[in-house]
Every structure is written in structure tokens, then in C-alpha cells.
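Participant: only geometry, no sequence info:
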Ligand SMILES: Cc1ncc(COP(=O)(O)O)c(C=O)c1O
């Protein structure tokens with residue numbers, strides 16, 4: 001009980017760090033809240049992986065495999081027990097395993113010391129940003145629209161963002177060069193550019209091989225680092241894979257951000273970053289950037305959970321350190337679901353009659369997302385109405401823009417739904433779109 005006359009504390013949102021009141025930090029919560037409030041709605045709102053293949057007993061198997069491999073390497077029971085139960089090294093237990101996997105799956109060849117195991121890719125973004133951005137004039141260029149995890153992390157750290165508009169064919173290197181010059185001419189320093197070359201979130205767009213090569217050239221010319229985020233690269237059509245920018249990078253311009261959230265499962269919360277850039281210290285010693293960034297991690301999460309790493313380590317070993325091979329069936333399923341979603345859209349809104357219905361969509365080569373343009377404005381209130389009255393949810397694209405844009409575009413995430421749910425979801429979405437009056441306002 002409070003003592004008489006002593007007022008309870010009352011805080012003002014305006015008195016907290018500015019990022020706390022910034023809508024970017026609330027966007028993930030708002031999206032999942034709609035799904036919680038309308039559990040009957042078919043939700044295209046998230047980028048969750050397909051749940052149909054998760055098996056509880058596989059967790060035990062992976063953990064056993066990790067431990068068995070350590071025993072086979074001659075490690076003592078005491079050391080193995082400590083690895084899983086105790087506080088562990090900040091850089092993680094899986095540096096060798098991840099370096100091996102990256103060589104197998106992506107032809108990325110780096111020393112294990114250049115890898116830092118993180119609490120998901122989200123922590124990798126936060127750590128990389130904290131380490132690289134030194135002062136208030138250091139600017140992050142980012143493709144726009146972009147994943148809210150990167151704009152949110154930058155906002156949290158007070159890092160200014162300079163948007164580079166994404167075109168229908170993805171991020172264009174010339175646009176990045178122009179944005180870098182714009183920042184410089186305002187007296188500030190463009191430090192790095194965030195990019196997803198394969199099946200971006202939210203747009204589903206990918207960069208061509210030529211664009212990847214050109215972006216590396218632009219990075220060298222403009223003295224930029226590239227933060228390449230690649231959660232969806234495994235999920236395209238077989239035979240259509242393009243090399244990651246990190247694998248093409250002979251000048252160490254790329255810091256690579258990875259996650260096991262889509263290639264294994266997000267509940268593990270295991271990701272990593274690859275930062276092989278040499279950093280020279282005061283005494284002339286040279287260490288990879290990953291080791292410097294580990295200091296940041298030690299003050300954020302201390303280290304990534306040993307149990308989670310052990311489970312992911314066993315999964316990697318079971319699949320001979322290739323998640324590309326391990327995920328081939330799942331990748332095929334996602335591609336089938338993408339094609340089904342496109343087919344259903346065509347059935348309800350034939351391209352030949354676009355002038356009548358005003359509905360268009362893009363055609364990604366893989367990944368988890370596609371975009372649908374509608375002839376009216378959409379926002380969180382519209383999402384709520386659609387979920388409540390039509391039983392289908394999606395994400396309004398405006399929430400992914402740095403600045404203004406996307407007001408008449410929906411993001412559809414098709415990865416977590418079954419084929420039946422996809423077909424029924426698009427039918428409901430079509431009912432919603434047809435019943436909503438079109439506006440002739442300019443499209444944004
Ligand atoms: C582009 C992008 N990067 C990173 C992540 C997050 O990865 P993690 O769950 O490992 O933090 C996501 C998740 O949706 C994503 O879409």
C-alpha cells in the first residue's frame with residue numbers, strides 16, 4: 001500500500017527515449033495483435049515459417065547429435081556439460097559450424113573468427129549498427145520499403161536513415177550512389193547500406209547478378225559497407241540461385257547477416273553475422289571486425305543461449321552442414337504456395353481486366369512475400385476492418401517505408417499457410433477488395 005500523501009509515479013511517453021514513441025518500434029506488435037484479436041482470420045500478415053514440419057522429438061535428436069559429436073572429438077563430459085549449461089563464450093559455440101555451412105551453401109569462405117553467433121539476425125543488426133555508427137552525422141542508407149527490424153534498430157540507436165527507393169526490379173546501384181552523394185553533400189557521412197538481394201521483406205524483389213556486381217563497385221567508389229541480410233535466399237526455385245553479394249565480395253565490403261529462423265526454426269533465436277573486415281587497434285594489432293563487435297554483444301545478451309546453439313549445431317551436423325540441401329523440399333513447398341497464391345489472384349482479378357478492377361501484384365521468384373496493389377488506401381484501421389468483417393489479414397505496406405509511401409499496397413506473407421488456407425484466404429481478400437470503394441486519389 002502507498003503511504004498517505006505519496007503520489008504514485010507517473011511517466012510521460014515524451015520523456016522517454018524518442019524511439020519508444022516511434023511507430024516503427026510498435027509495428028511488429030500491432031501486426032501480431034490483429035492476428036491475436038481475430039484468431040479466425042486467415043493471416044497473410046506474418047513472415048512465419050511453415051509449421052507443418054516442426055517435430056518436438058527432433059529437438060532431442062539434434063541435442064543428442066551435438067553432444068555425441070563433441071564426445072567423438074574427445075571432449076570431456078565436464079566440458080560438454082559446461083558448454084550447454086554454463087555461461088559460454090560471447091562469440092558463440094557455432095562459429096566453425098556456420099563457417100562450414102556458409103562455404104557449402106553459399107560459397108562464402110571466411111575464417112571462424114569472422115563469425116559472431118547472435119540472438120537471431122535482429123541482434124546481429126543491432127550489434128553491427130552500434131559498432132559501425134560512430135556519431136550523429138553517420139547515416140545508414142537503406143532500401144525503402146525495408147524490413148522494420150533494421151529501421152527499428154536504427155531508430156533505437158538514433159541512427160539517421162536515408163531511403164533508397166526500391167524499383168520493380170529491386171535495388172538499383174545507381175540509386176545507392178546517388179543517395180550516398182546526397183548524404184555527403186549535406187555534410188554527413190554515409191557509412192553503410194542495408195540490402196536484401198534475395199527475395200526481400202517486404203517486397204519479395206531480388207537483385208540481378210549484374211546489379212549485385214554493380215552494387216559492390218558502387219560500395220567501393222562511395223566507400224560504403226554493405227549490410228547484406230539474407231534470411232530467404234534458400235527459398236527460390238531450384239536452379240535459379242544467384243550468388244550472394246558476400247560470395248562476390250573480394251574487397252570485404254559486405255557484412256553478412258544470417259538467421260536460422262527460416263532455415264531451421266525461429267524459436268531457437270539463433271542467427272549470426274560475418275564481419276571479416278580487419279580492424280587495427282591502438283597498439284597496431286589487427287583483429288576481425290566480428291571480434292570487436294563481440295564486445296557490443298557481451299553488453300546486449302552476454303552470449304547466445306547454449307541450449308539453442310547446441311540444438312542448431314546438431315541440426316547442422318545431421319544435415320552435413322548444408323541447409324540448402326536440408327531445405328530443398330520446404331523451398332519447393334514455398335514456391336508451390338507462391339504459385340498458388342499468384343494463380344488465385346489471377347482467378348479473381350484477371351490481368352486482362354486490370355482497367356476494371358485496378359488490382360495488380362508483383363511476381364517474386366521465391367521467398368515469403370508478394371505485394372498486391374489495390375485501388376484504395378490501406379492502413380492498420382483497414383486491416384482491422386478486413387480481419388473482422390472478411391476474416392483475412394495482411395500487412396499494410398506503408399509501415400515498411402522510410403518516409404512516405406505504399407498507401408495502396410498490401411504485403412501478403414504466404415509462408416505459414418496451407419494450400420487450402422491460401423485459396424480460401426485469397427477468396428476472402430477478393431471479397432474485401434471488391435466491396436471496398438475505389439478512390440481516384442493519386443497512388444503512393
Ligand atoms: C529481412 C529479415 N531479416 C531478418 C529477420 C529476422 O530474423 P531473426 O528472427 O533471426 O531475428 C527477418 C524476419 O522476418 C527478416 O524478414
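Facilitator: Perfect, I can see it now. Quick caveat: nothing in here was measured; it's all calculated off a predicted structure.
Participant: what residues are up against the closest residue to the ligand within the stretch 51-200 of the chain?
Facilitator: Distance from the ligand to each residue of the stretch 51-200 of the chain (Cβ to the nearest ligand atom) is smallest for residue 120, at 2.9 Å. Where you see a C-beta, it was placed from the backbone N, CA and C, and this is true even at glycine. Contacts of residue 120 were listed using Cβ atoms under 8 Å, 6 or more residues apart in numbering, and they are 259, 261, 266, 269-271.
Participant: so which of those also contact the ligand?
Facilitator: Intersecting the contacts of residue 120 with the contacts of the ligand gives 259, 261, 266, 271 (criterion: Cβ under 6 Å from any ligand atom).
Participant: report pLDDT for residue 35.
Facilitator: Turning to residue 35, the model gives it a pLDDT of 80.
Participant: pretty sure it sits in a helix.
Facilitator: Yes - according to DSSP: H, G, I helix; E, B strand; the rest coil, the state of residue 35 is that of a helix.
Participant: contacts for the longest helix seen in the chain, please.
Facilitator: Once the chain is assigned using DSSP state H, the helix that runs over the most residues is helix 328-348. By Cβ under 8 Å, 6+ apart, the residues outside helix 328-348 that reach it are 49-50, 53, 234-238, 359, 361, 363-364, 366-368, 370, 372, 412, 414-415, 417, 419, 422-423, 426-427, 430.
Participant: give me that answer again for 6 Å
Facilitator: Contacts to helix 328-348, defined as Cβ atoms under 6 Å, 6 or more residues apart in numbering, come from residues 234-235, 237, 361, 366, 414-415, 419, 422-423, 426, 430.
Participant: looking at the residues you listed, which are in strands?
Facilitator: By the criterion of DSSP state E, membership of the contacts of helix 328-348 in strands covers residue 361.
Participant: how about the contacts of helix 328-348 in JSON lines, adding pLDDT, distance to the ligand and neighbour count?
Facilitator: Supplementary listing: the contacts of helix 328-348 in JSON lines, determined by pLDDT from 0 to 100; distance: Cβ to the nearest ligand atom, whole Å; neighbours: other Cβ atoms under 10 Å:
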{"residue": "234", "pLDDT": "97", "distance to the ligand": "13", "neighbour count": "24"}
{"residue": "235", "pLDDT": "98", "distance to the ligand": "11", "neighbour count": "24"}
{"residue": "237", "pLDDT": "93", "distance to the ligand": "20", "neighbour count": "14"}
{"residue": "361", "pLDDT": "97", "distance to the ligand": "19", "neighbour count": "20"}
{"residue": "366", "pLDDT": "98", "distance to the ligand": "13", "neighbour count": "20"}
{"residue": "414", "pLDDT": "97", "distance to the ligand": "14", "neighbour count": "26"}
{"residue": "415", "pLDDT": "97", "distance to the ligand": "10", "neighbour count": "22"}
{"residue": "419", "pLDDT": "97", "distance to the ligand": "22", "neighbour count": "13"}
{"residue": "422", "pLDDT": "98", "distance to the ligand": "19", "neighbour count": "21"}
{"residue": "423", "pLDDT": "98", "distance to the ligand": "24", "neighbour count": "16"}
{"residue": "426", "pLDDT": "98", "distance to the ligand": "22", "neighbour count": "26"}
{"residue": "430", "pLDDT": "98", "distance to the ligand": "26", "neighbour count": "19"}
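Participant: in the contacts of helix 328-348, find the pair that's most separated.
Facilitator: Among those, the pair separated by the greatest distance (Cβ to Cβ) is 234 and 430, at 30.9 Å.
Participant: so which of the ones next to the ligand among the contacts of residue 120 is the most crowded?
Facilitator: Using other Cβ atoms under 10 Å as the neighbour test, these are led by residue 271, with 26 neighbours.
Participant: can you pull the contacts of that residue?
Facilitator: Residues in contact with residue 271, defined by Cβ under 6 Å, 6+ apart, are 118, 120-121, 124, 258-259.
Participant: inside helices: which ones of those residues?
Facilitator: Cross-referencing these against helices under DSSP H gives 120-121, 124.
Participant: so can I have a markdown table of the contacts of residue 271 showing distance to residue 284 and pLDDT?
Facilitator: As requested, those are arranged in a markdown table below (distance: Cβ to Cβ, whole Å; pLDDT from 0 to 100):
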| residue | distance to residue 284 | pLDDT |
| --- | --- | --- |
| 118 | 29 | 98 |
| 120 | 35 | 98 |
| 121 | 33 | 98 |
| 124 | 28 | 98 |
| 258 | 31 | 98 |
| 259 | 35 | 98 |
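Participant: my read is that residue 410 contacts residue 398, right?
Facilitator: No - assessed by Cβ atoms under 6 Å, residue 410 is found out of contact with residue 398, at 10.2 Å.
Participant: out of those two, which sits in the busier spot?
Facilitator: residue 410 (26 against 18).
Participant: that's a strand at the more buried one, yeah?
Facilitator: Yes - counting by three-state DSSP, residue 410 is found in a strand.
Participant: picking that back up, so what touches the helix or strand that the longest helix of the chain is followed by?
Facilitator: Going down the chain from helix 328-348, the next helix or strand is helix 354-357, by DSSP states H and E. Outside helix 354-357, the residues that touch it by Cβ under 6 Å, 6+ apart are residue 349.
Participant: thank you, goodbye.
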